[in-house]
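**Student:** Predicted structure and sequence below. I'll ask about it afterward.
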Amino acid sequence: AQKITQTQPGMFVQEKEAVTLDCTYDTSDPSYGLFWYKQPSSGEMIFLIYQGSYDQQNATEGRYSLNFQKARKSANLVISASQLGDSAMYFCAMRAHTGRRALTFGSGTRLQVQP
Amino acid sequence: DTAVSQTPKYLVTQMGNDKSIKCEQNLGHDTMYWYKQDSKKFLKIMFSYNNKELIINETVPNRFSPKSPDKAHLNLHINSLELGDSAVYFCASSSGTSGGGNEQYFGPGTRLTVT
């Protein structure tokens, strides 16, 4: 079974500062992927970034980077230079690379960027 | 050019009614999913189809019945609606090959309200 834990229900950050959203996971699958999705107030789910369990380097996508620490089973999302438009719910998710393909989601973190 | 579309976007209905939500993807993906997001924003897989074959069927009341007429479509029919069915239902799709990022692309969601 897979489990995702996001311990920060809500976070505040000042505009232009960096923020880290925490995510820890648990799985018995030897190969898996970790994902972050953004859900703004409009409700859609937007894919942000992916990290494979065997990737040697941390993933980056523009202002998003994933701080992957496999031994600690953590996959924290770092947003640099926060913008007002970053205010949203952020979900960490994972799935195994074989077999069951559905995503297991964490409970989410609501990020509010303050001017 | 919508990748994953759902209809309707909003659905308000009374207890006991039967309703359907339709989903279509134009990405050429062979795997489609239904997720439910409850009032606390928690997302959970309900069903998944791969090439029109049901591959994931979570513990969901049998009042919920998915149907996939072809690879590009996955519909959700709900019988005898109950108050607890009120939620946002997301359709998603992904490329079914194992491994890799293969992020899931989500539809805009259908907000179902049962009165």
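**Tutor:** Perfect, I can see it now.
**Student:** Now do the contacts for residue A:17.
**Tutor:** The neighbours of residue A:17, taking CB atoms under 8 Å, 6 or more residues apart in numbering or on different chains as the test, are A:81-82. C-beta: built from backbone N, CA, C; applies to glycine.
**Student:** what's the average pLDDT for stretch B:23-43?
**Tutor:** Across stretch B:23-43, the average pLDDT comes to 94.
**Student:** Residues of chain B that sit close to chain A?
**Tutor:** Residues of chain B that fall close to chain A, judged by CB under 8 Å from any CB of the partner chain: B:31, B:33, B:35, B:40-45, B:48, B:50, B:55-56, B:88, B:90, B:92, B:94, B:96, B:98-106, B:108-109, B:111.
**Student:** next SSE after the helix or strand harbouring residue A:50?
**Tutor:** Secondary structure assignment for residue A:50, by DSSP states H and E: strand A:46-52. Per DSSP H and E, strand A:46-52 leads on to strand A:60-61 as the next helix or strand towards the C-terminus.
**Student:** Quick one: distance of that following strand to the chain centre.
**Tutor:** 12 Å (CA atoms, centre = their mean, to the nearest Å).
**Student:** Which other helices and strands does it contact?
**Tutor:** strand A:46-52 (3 or more CB pairs under 8 Å, 6 or more residues apart in numbering or on different chains; DSSP states H and E).
**Student:** returning to what we had before: buried residues in the strand holding residue A:50?
**Tutor:** Neighbour counts using 16 or more other CB atoms under 10 Å in any protein chain shown place A:47-52 of strand A:46-52 among the buried residues.
**Student:** Any figure for the gap between residue A:54 and chain B?
**Tutor:** Distance, residue A:54 to chain B, using CB to the nearest CB, to the nearest Å: 9 Å.
**Student:** what's across from residue B:92 in the sheet?
**Tutor:** Beta-bridge pairing for residue B:92 (DSSP bridges): residue B:33, residue B:106.
**Student:** How about residue B:70?
**Tutor:** residue B:73.
**Student:** what do you get for residue A:51?
**Tutor:** residue A:34.
**Student:** Could you verify my assumption that it touches residue A:59?
**Tutor:** Yes - look at residue A:51 against residue A:59 with CB atoms under 8 Å: they come within range, at 4.6 Å.
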